[in-house]
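> based on what follows, work out the 3D shape:
(one chain, ligands or ions: 2)
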Amino acid sequence: MAGITYEDFLDLSYEPDASDLVCTFRIAPAEGMSAEAAASRVASESSNGTWAALPTGADFTDMGATAFAIDDADAAGESDVGVAYPAGLFEPGNMAQVLSCIAGNIMGMKAVDSIRLEDCEWPEELVTSFAGPQFGSRVRDEIFGLEADRPILATVPKPKVGLSTKRHAEVGYEAWVGGVDLLKDDENLTDQSFNPYHDRLVESLALRDDAEDETGETKSYLINVTADTNTMLERVDLAAEEGCEYVMVDVITTGWAAVQTVRDRCEDHGIAIHAHRAMHAAFDRLPHHGVSMRVLAQVLRLCGVDQLHTGTAGLGKLANEDTVGINEWMRSDLYGLTDVLPVASGGLHPGLVHDLLDATGTNVCVQAGGGIHGHPDGTRAGAAALRAAVDGYAAGKSLEESAEASPELAVAVEKWGTE
Ligand SMILES: O=C(O)[C@@](O)(COP(=O)(O)O)[C@H](O)[C@H](O)COP(=O)(O)O
Ligand SMILES: [Mg+2]
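Numbering: from 1, shown residues only. Ligands and ions are numbered 1, 2, ... in the order given. Here you go, the predicted structure:
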């Protein structure tokens, strides 16, 4: 009895077709397992194969993947493996199904000691089956009407949770008037009794309107709608009713399917999606196993988020990989799909602005929580300091020159330095 076996999924002479989804995995074969044997098992188990020889018969569409490239093993015994997946394996527009293939059971196979999905090359047919972002970096123009080539600025009230609705809105007002564009909820603030969602939405937007009148600038709010999908849809509708231009979603903890559903509802209202990636490090922190942040960013662009946290190029408090490379991919031309605005956040303060923007460019969103609310003179001064730093950078001034013109910035640099 012939049938398909693991060996059928390895062909080092195979040239991927333009319609294939091509994935790069970093694998460490299990002891006694060759790289070829491990690679064939990765291709098999992530497409249509299993451990036993399988009879197929006449009425069968072969959707098997092919391991077509295996790099020489490095000192740790790890190799990069290229696997090509036929387009027909995937349900168009269904990200959960795609990931159940390329990041599913293979992550737990005994045939490998470790496996990490490092990168994907997405074919046009699959890319265009997804909605993609509505706005991406066009938010700078379409929502804020920015003239200067500066980043948009966001702040999260700190402490992360526990502030009353009144305090939360007041902190927002101080930050907006100080020069920030966006108030942002923290990833774990949703609809708790001390600061309920609807009250927070209404009261924050009321003070947003005052801040717009006072500054003559457009201000907005990244309100966190994270919950079960039906509840998220209700919260998106409420945000639209109240005139909010954005919602924020914890995209990893809610899941790809939920993000796609929220994306559709946001399009109905013309609302932008800010993607917080809390829990991403459970996938991407270990360099030998899991799913890279690069692939997570690719998936989220296809699912349609407009802004996504991608790290601080190593400057902030959180470990993050390849911020610059991921940002470049999020801006890359991908069959006409809209780009995604990178968000730099985590341990940032005004003194870091120059090094950050030198690394990321100005077509980003910069978020500072502690770096604004920890300012010795309070939130409004902290916001003014960050704004002075980015305005100065956009005008080609040095940080020192900007600090000479802004007492708030001088105080921030005095307190936190420039590293
Ligand atoms: O809770 C926090 O830590 C933050 O609000 C930052 O606060 P600070 O500005 O006070 O540091 C963000 O959630 C992280 O930046 C997320 O990480 P990432 O951007 O890497 O996804
Ligand atoms: Mg946070």
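
> make it CA atoms for all contacts and neighbour counts henceforth
Will do.

> identify the residue spatially nearest to residue 24, adjacent ones excluded.
residue 82 (4.7 Å; Cα to Cα, 6 or more residues apart in numbering).

> now the helix or strand harbouring the one you found: average pLDDT?
Using DSSP states H and E, residue 82 sits in strand 79-85. The average pLDDT within strand 79-85 is 98.

> now do stretch 174-193
98.

> ok, now stretch 253-264?
98.

> only the buried residues of that stretch, if you could.
Within stretch 253-264, the residues that qualify as buried are 254, 256, 257, 258, 259, 260, 261, 262, 263, 264, counting by 16 or more other Cα atoms under 10 Å.

> residues contacting whichever residue of the stretch 51-200 of the chain sits closest to ligand 1?
Using Cα to the nearest ligand atom, residue 186 is the residue of the stretch 51-200 of the chain that sits closest to ligand 1, at 5.4 Å. The neighbours of residue 186, taking Cα atoms under 8 Å, 6 or more residues apart in numbering as the test, are 156, 157, 160, 161, 224.

> isn't the fourth one up against residue 191?
No - applying Cα atoms under 8 Å, one finds residue 161 not in contact with residue 191, separated by 10.6 Å.

> in the stretch 301-419 of the chain, which spans are strands?
According to DSSP state E, counting those that start in this stretch, the stretch 301-419 of the chain carries its strands in the segments 307-309, 341-345, 365-367.

> quick one: list the elements packing against the last one.
So that's strand 365-367. Under the contact definition 3 or more Cα pairs under 8 Å, 6 or more residues apart in numbering; DSSP states H and E, strand 365-367 sits against strand 152-155, strand 341-345.

> so can I have JSON lines of those showing mean neighbour count?
Shown next, in JSON lines, are the helices and strands packed on strand 365-367 (neighbours: other Cα atoms under 10 Å):
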{"stretch": "strand 152-155", "mean neighbour count": "26"}
{"stretch": "strand 341-345", "mean neighbour count": "27"}
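
> please produce JSON lines containing the ones you listed, extended by distance to ligand 1 and mean pLDDT.
Shown next, in JSON lines, are the helices and strands packed on strand 365-367 (distance: least, Cα to the nearest ligand atom, whole Å; pLDDT from 0 to 100):
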{"stretch": "strand 152-155", "distance to ligand 1": "7", "mean pLDDT": "98"}
{"stretch": "strand 341-345", "distance to ligand 1": "4", "mean pLDDT": "98"}
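
> any chance of these in a markdown table, plus distance to residue 360?
As requested, the helices and strands packed on strand 365-367 are exported to a markdown table (distance: least, Cα to Cα, whole Å):
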| stretch | distance to residue 360 |
| --- | --- |
| strand 152-155 | 13 |
| strand 341-345 | 9 |
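
> any idea how far apart the tips of stretch 122-129 sit?
11 Å (Cα to Cα, to the nearest Å).

> what residues does that stretch touch?
Residues outside stretch 122-129 that contact it (Cα under 8 Å, 6+ apart) are 18, 19, 20, 21, 22, 87, 92, 93, 302, 334, 335, 337.

> 6 Å instead, please
With contacts defined as Cα atoms under 6 Å, 6 or more residues apart in numbering, stretch 122-129 is touched by 19, 21, 92, 93.

> for stretch 396-404, same thing?
392, 409, 410.

> what's the burial count for the first one?
It stands for residue 392. Neighbour count for residue 392, taken as other Cα atoms under 10 Å: 22.

> of the contacts of stretch 396-404, closest to ligand 1?
Nearest to ligand 1 among those, with distances taken as Cα to the nearest ligand atom, is residue 409, at 16.7 Å.

> which SS class is the closest residue to residue 90 other than its chain neighbours?
Residue nearest to residue 90 in three dimensions, not counting chain neighbours: residue 98, with 5.9 Å by Cα to Cα, 6+ apart. Residue 98 carries the three-state label helix when classified by DSSP: H, G, I helix; E, B strand; the rest coil.

> can you give the distance of the strand holding residue 82 from its chain's centre?
Centre-to-centre, strand 79-85 and its host chain are 24 Å apart (Cα atoms, centre = their mean, to the nearest Å).

> and it, which strands flank it?
strand 21-29 (antiparallel), strand 66-70 (antiparallel) (DSSP bridges).
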